[in-house]
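A.B. asks: make a model of this:
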Amino acid sequence: MVAKMNEIPDIQGTPDTRRIAIDQVGIKDIRYPITVRDRHGEALPTVAHATMTVHLPQEFKGTHMSRFIQLLHEHNAPLSADTFGALLEDMLARLNASAGRIALSFPFFARKKAPVSGVESLMDYEVTLTGDVDTHGVRRFYIGVLIPVTSLCPCSKEISDYGAHNQRAHVTVDARVDGPIWIQDIVDMVEESSSAELYAVLKRPDEKYVTEQAYDNPKFVEDMIRDVASRLNGDERIRAYTLEAENFEAIHNHQAYARIHKDKDAA
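C.D. replies: Below is the predicted model:
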């Protein structure tokens, strides 16, 4: 005979006597399909790795793990700044929690046209969206983006009779934000601060263009990270950030690396 729901004991809801609160409890690294709204309003499909946790007071034995997954299943609106905040609030309400955290990591595919031919392709960027509410009710939102670009060495250009060594570089922005900001806004700040942008598809006229663009715009890793930092410093939506730049050197057996951390709200 099948038992009725109200006849099945809820062990998670029973009291706990050890008097130890748990900072974060929930589900970690579940893979789930989502859609992300881009700056032009298009909903782009992707797959996210999600971690969702809540604060568990000392008097409760456990949380309801299935409710996290139910929330992901029911929340099918394309993600943007406002809907991500709504997802966080829905989780706290569903789990009857005063504090919690959601982190979604996913590849973000943006449509991008080649600079000369105009051929369109999809360029991917690694993105992490994080939102948390602490036990004092303070809400914080973070966006992390890894942007691949091209850098060309000013020293190599200066000392060589012809040519200059160039390489692909990764610039990673991890920012605490206040107010709506699009993923592409972060991408633009970085790509416009590099020697040249990357594209998924280039025709020969495009290759000529980006090669010469990089040659005309040489930057050390120090130049690039300072230029990006200047852009981040001037954007009031970004309240704090950790910025890293890594050049995968073409003629050295090491990477060139730089890092800047800034909190605009620090006393």
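A.B. asks: hey, let's count contacts and neighbours off CA atoms from now on
C.D. replies: OK.
A.B. asks: so, low pLDDT: which residues of the stretch 51-200 of the chain?
C.D. replies: Regions of the stretch 51-200 of the chain meeting the criterion pLDDT under 70 are absent.
A.B. asks: in it, which spans are strands?
C.D. replies: All strands of the stretch 51-200 of the chain, identified by DSSP state E, counting those that start in this stretch, fall at 100-113, 120-133, 139-152, 166-177, 196-197.
A.B. asks: okay, now the sheet partners of the first one, with direction.
C.D. replies: When pairs are called by DSSP bridges, strand 100-113 turns out to pair with strand 43-56 (antiparallel), strand 120-133 (antiparallel).
A.B. asks: again, but for the fourth one
C.D. replies: Partners of strand 166-177 in the sheet, by DSSP bridges, are strand 139-152 (antiparallel), strand 238-248 (antiparallel).
A.B. asks: please apply the same query to the shortest one.
C.D. replies: Sheet partners assigned to strand 196-197 using DSSP bridges are listed as strand 139-152 (antiparallel).
A.B. asks: ok, back up a step: looking at the strands paired with strand 100-113, spot the one closest to Glu244.
C.D. replies: If you check each of these against Glu244 by C-alpha to C-alpha, strand 120-133 wins as the nearest, at 14.2 Å.
A.B. asks: which element is the closest residue to Leu79 other than its chain neighbours on?
C.D. replies: Closest residue to Leu79 apart from its sequence neighbours, by C-alpha to C-alpha, 6 or more residues apart in numbering: Val36 at 4.5 Å. Assigned by DSSP states H and E, Val36 belongs to strand 22-37.
A.B. asks: okay, that strand in PDB with CA atoms only?
C.D. replies: The C-alpha atoms that make up strand 22-37 are tabulated as PDB, following Å, rounded to 0.1, in the frame of the first residue of the first chain:
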ATOM      1  CA  ILE A  22      26.200  25.100   8.800                       C
ATOM      2  CA  ASP A  23      27.400  28.000   6.700                       C
ATOM      3  CA  GLN A  24      26.500  26.400   3.400                       C
ATOM      4  CA  VAL A  25      24.600  23.300   2.500                       C
ATOM      5  CA  GLY A  26      23.000  22.300  -0.700                       C
ATOM      6  CA  ILE A  27      24.000  20.900  -4.100                       C
ATOM      7  CA  LYS A  28      27.300  21.300  -5.900                       C
ATOM      8  CA  ASP A  29      28.300  21.100  -9.600                       C
ATOM      9  CA  ILE A  30      25.100  19.900 -11.100                       C
ATOM     10  CA  ARG A  31      25.000  20.300 -14.900                       C
ATOM     11  CA  TYR A  32      21.800  21.800 -16.200                       C
ATOM     12  CA  PRO A  33      20.700  23.400 -19.500                       C
ATOM     13  CA  ILE A  34      19.900  27.200 -19.300                       C
ATOM     14  CA  THR A  35      19.400  30.100 -21.600                       C
ATOM     15  CA  VAL A  36      21.200  33.400 -21.100                       C
ATOM     16  CA  ARG A  37      19.900  36.700 -22.500                       C
END
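A.B. asks: burial measure for the residue nearest to Leu79, as a count.
C.D. replies: Val36: 23 surrounding residues under other C-alpha atoms under 10 Å.
A.B. asks: please name the bridge partners of it.
C.D. replies: Leu44, Leu79.
A.B. asks: how about Arg176?
C.D. replies: With DSSP bridges as the rule, Arg176 is bridged to Tyr142, Ala240.
A.B. asks: relative to Ile238, how far out is it?
C.D. replies: Distance of Arg176 to Ile238, computed by C-alpha to C-alpha, to the nearest Å: 6 Å.
A.B. asks: what of Gln167?
C.D. replies: Going from Gln167 to Ile238 by C-alpha to C-alpha gives 29 Å.
A.B. asks: the more surrounded of these two?
C.D. replies: For the pair Gln167 and Ile238, the greater number of neighbours falls to Ile238 (22 against 15), based on other C-alpha under 10 Å.
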